[in-house]
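Engineer: Turn this into a structure:
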Amino acid sequence: MCASFFLLSILLYLKWDQSQSQKYYCLSILCALCAGLFKASAVSLPFVIILLDYYPLRNIKKRTWKKKIIEKIPYIIVAGLIAELIIVIRHQVNYLHPMNLPSLVHNLIEFPAVITFYLSKTILPLHLAPIYPLDLTNNLMMIVFSWLFTVGFAVFAVINISRRPAILSGILLFIILLLPGGGLVRSGSTVLGDRYVLLADILLFFGLAWIIIKALHSVSFRWPVAALTIIWAAFLVWKTVTYTALWDNAIALTHQAYDLYPQSKIIEHFMAGAYNNTALEAVAQGDLNQAKKYLKQSLAIKPEAATYKNFAYLSIKQDKLDKAIKYYQKALELKPALNDLVTIHYSMSKIYLRKGETEKADLELRKASMFREIIIRANR
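Structural biologist: Numbering: from 1, shown residues only. Next up, the predicted model:
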């Protein structure tokens, strides 16, 4: 949905550029907002439109560039609101880590490796996984090669800017679309995912299609290029069908990622989450014994507060209130996020109330209210 609204916003902007009808301009901004509500990668939209003004629209000139920038202010405001929303949400789940200048420089050095990694995975989709916890710090050869490749391609595009401005524009668009999820603005290790490159892939496939069409016009390369294109397209279809079939089974998908990156802590976290989610589905279907098995497997992979919370939920379903209290206490020992603290203390309050222990229930309710107040103050 994000890609659909993203592309529709661009299409409406192009329509507005031709007709100057305000309805297309307003609809384009509305679609930009909708794209951002579906996925954070839509924050790159204002910069994509500015680049389109440079080429192919060629609207940015010495006399009009200020006007063109002013026209983008609503898009920039939308992107800012989306970014602010992401920051608030990630603060709430303790997912946002502080950034500093050294980590930003470190990420910038590694970013060409991220570009080449995504290019290789798109063109030759082998060893696919939902996430890729890359250790680029110890892979100097990959970083050097990526810098040489990226800089070389950029120099080629600049040299040919007068004859083929689409090449430079395409490279910049690919980088802009990749920035929100490409790991440039992050702290900690590099963790990439296939879902981050979907918008950039659209542009990449247009570029590949242009190269193939150009090659097909050459008498010498026509049949070899046609044969290779058919084989490559068939391979892409096959990999897409076989890989997307795994997305219905979160446990199998995370296990596949773990086979590629054994001992990865973040994949262990996702595996534990997959077992937790599957356990909740089993509870919803009334299969409490199977849910218990999934939760035990989750604990065996990585003890997490979420797993103990789900054990407590399962115990409540089985009317084992004392056991549920013990599981909630174990969850608290693992220092869960503030939102989880509110949920845990509120749930414990309800259990104590059911047991007739009103003083303990009141204490837990006060704790839940206290943590909720902390969240509210942090978000002001």
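
Engineer: Around residue 314, how many other residues sit close by?
Structural biologist: 23 (other C-beta atoms under 10 Å). To be clear about C-beta, it is placed using only N, CA and C from the backbone, and glycine gets the same treatment.

Engineer: wait, what's in contact with it?
Structural biologist: Residues in contact with residue 314 (C-beta atoms under 8 Å, 6 or more residues apart in numbering) are 279, 283, 288, 291, 292, 295.

Engineer: Residue 136 belongs to a helix?
Structural biologist: No - according to DSSP: H, G, I helix; E, B strand; the rest coil, the state of residue 136 is coil, so it is not within a helix.

Engineer: ok, now which ones touch it?
Structural biologist: Residues near residue 136 by C-beta under 8 Å, 6+ apart: 110, 113, 142, 143, 190.

Engineer: element containing the residue nearest to it when sequence neighbours are not counted?
Structural biologist: In space, and not counting its chain neighbours, residue 136 is closest to residue 110: 4.7 Å by C-beta to C-beta, 6 or more residues apart in numbering. Per DSSP states H and E, residue 110 falls inside helix 101-123.

Engineer: quick revisit: the residue nearest to residue 136 reaches residue 142, doesn't it?
Structural biologist: No - at 9.2 Å, residue 110 and residue 142 do not qualify as touching, with contact defined as C-beta atoms under 8 Å.

Engineer: Specify which residue of the two has the higher count of neighbours.
Structural biologist: Per other C-beta under 10 Å, whichever of residue 110 and residue 142 has more neighbours is residue 110, with 22 against 17.

Engineer: which residues sit in contact with the nearest residue to residue 1 once chain neighbours are set aside?
Structural biologist: In this structure, residue 1 finds its nearest non-sequential neighbour in residue 38, 4.5 Å apart by C-beta to C-beta, 6+ apart. Residues near residue 38 by C-beta under 8 Å, 6+ apart: 1, 2, 5.

Engineer: so what's the second one up against?
Structural biologist: What it means is residue 2. Contact analysis of residue 2 by C-beta under 8 Å, 6+ apart lists 35, 36, 38, 39, 41, 42, 199.

Engineer: Same question for the last one.
Structural biologist: By C-beta under 8 Å, 6+ apart, residue 5 lies in contact with 31, 32, 34, 35, 38, 42.
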